[in-house]
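Peer 1: Sequence first, predicted coordinates after that:
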Amino acid sequence: MCHHFKLVAMVDDLWIAFKSFMDSCPQTIPTGSFYPTNPLPVIRQSDDGKGELVPMEWGLLPSWWKPPAKSKSRKVFQRRCFNARCETIDEKPSYREAFKRRRCLVPASHFEEKGHYFSLPGNKLFAFAGLWESWQSEDESVLSCTILTTDPNAEVRSVGHPRMPIVLRNDDDYSLWMNSDIDSREPLAELMRPFEDGLLEIVPINGA
């Protein structure tokens, strides 16, 4: 499970990397280290078809969710939904509608597994394949997202982790993932595979 990643970038860096998928870029964005339930910068397609970057909580909260009688906290549910297995996203109730209609990009520069950071050479920015949802109650409105995971590639296996986030790395990947005309998994299958072996750099954290 990917539970920690970083976005080390300036606003201009983000605009250069993802300008084909955003009609504009905010003057400030959340950056640094992210953990479940933190606000993340997420690129989505708005209702009018424009690409926009908006902050979303990390941990998907479906529109149909209702707080259980014993607890009013939505965070408990969200902490179970910060990752989604790509093998079942078109079947699981929490994810299947978002997979059909609300796919998104989650910009990143590093992700952590087992005490190691993984990144592209030169800390080039990339994006995780994500899904987003909008939830509303009488008191609040919440935008939230999840990051998809798949089997590990050679580098992630080398540190002993059984899963890795789906890493998208160029405009072709982003365009396919964000294509609103696609609502089934078959056209997206090529993206939901382990990242190509030999392309991720590994750096131990704190001498791990």
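Peer 2: Yep, that arrived. Residues are numbered from 1 along each chain as shown.

Peer 1: Assign a three-state SS to I147, would you?
Peer 2: strand (DSSP: H, G, I helix; E, B strand; the rest coil).

Peer 1: quick one: the helices in the protein?
Peer 2: For the chain, applying DSSP state H gives helices covering 11-18, 75-79, 96-101, 154-158, 171-178.

Peer 1: can you redo those helices as CSV with mean pLDDT, distance to M192 and mean neighbour count?
Peer 2: Using the backbone N, CA and C atoms, a C-beta is placed for each residue, glycine as well. Below are these laid out as CSV (pLDDT from 0 to 100; distance: least, C-beta to C-beta, whole Å; neighbours: other C-beta atoms under 10 Å):
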stretch, mean pLDDT, distance to M192, mean neighbour count
helix 11-18, 95, 20, 16
helix 75-79, 95, 23, 16
helix 96-101, 97, 10, 18
helix 154-158, 98, 15, 17
helix 171-178, 97, 10, 17
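
Peer 1: Name the spans of this structure whose pLDDT lies under the cut-off.
Peer 2: Scanning the chain for pLDDT under 70 picks out 207-208.

Peer 1: still on that earlier bit, distance to L191 added to the helices of the chain, as TSV?
Peer 2: Formatted as TSV, these follow (distance: least, C-beta to C-beta, whole Å):
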stretch	distance to L191
helix 11-18	16
helix 75-79	24
helix 96-101	12
helix 154-158	17
helix 171-178	6
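
Peer 1: What count of nearby residues applies to R103?
Peer 2: 23 (other C-beta atoms under 10 Å).

Peer 1: So it is in contact with S175, correct?
Peer 2: No - using C-beta atoms under 8 Å as the test, R103 is too far from S175 to be in contact (11.4 Å).

Peer 1: Of all the helices of the chain, which one is nearest C145?
Peer 2: Nearest to C145 among the helices of the chain is helix 96-101 (8.8 Å), distances taken as C-beta to C-beta.

Peer 1: Count the residues that sit near Q27.
Peer 2: Applying other C-beta under 10 Å, we find 6 residues neighbouring Q27.

Peer 1: quick one, what contacts it?
Peer 2: V11 (C-beta atoms under 8 Å, 6 or more residues apart in numbering).

Peer 1: Distance check, it against E113.
Peer 2: 33 Å (C-beta to C-beta, to the nearest Å).

Peer 1: and what of M56?
Peer 2: The gap separating M56 from E113 is 22 Å, by C-beta to C-beta.

Peer 1: now N170
Peer 2: In terms of C-beta to C-beta, N170 sits 22 Å off from E113.

Peer 1: Give me the more crowded residue out of the two.
Peer 2: Remark: of N170 and E113, E113 carries more neighbours, 24 against 11, as counted by other C-beta under 10 Å.

Peer 1: So what sits opposite the more buried one in the bridge?
Peer 2: Per DSSP bridges, the residues bridged to E113 are H116.

Peer 1: distance of it from T146?
Peer 2: 17 Å.

Peer 1: Quick one: residues contacting the closest residue to D171 other than its chain neighbours.
Peer 2: The shortest distance from D171 to any non-neighbouring residue, by C-beta to C-beta, 6 or more residues apart in numbering, is to S20 (5.5 Å). Neighbouring residues of S20 by C-beta under 8 Å, 6+ apart: 171, 174-175.
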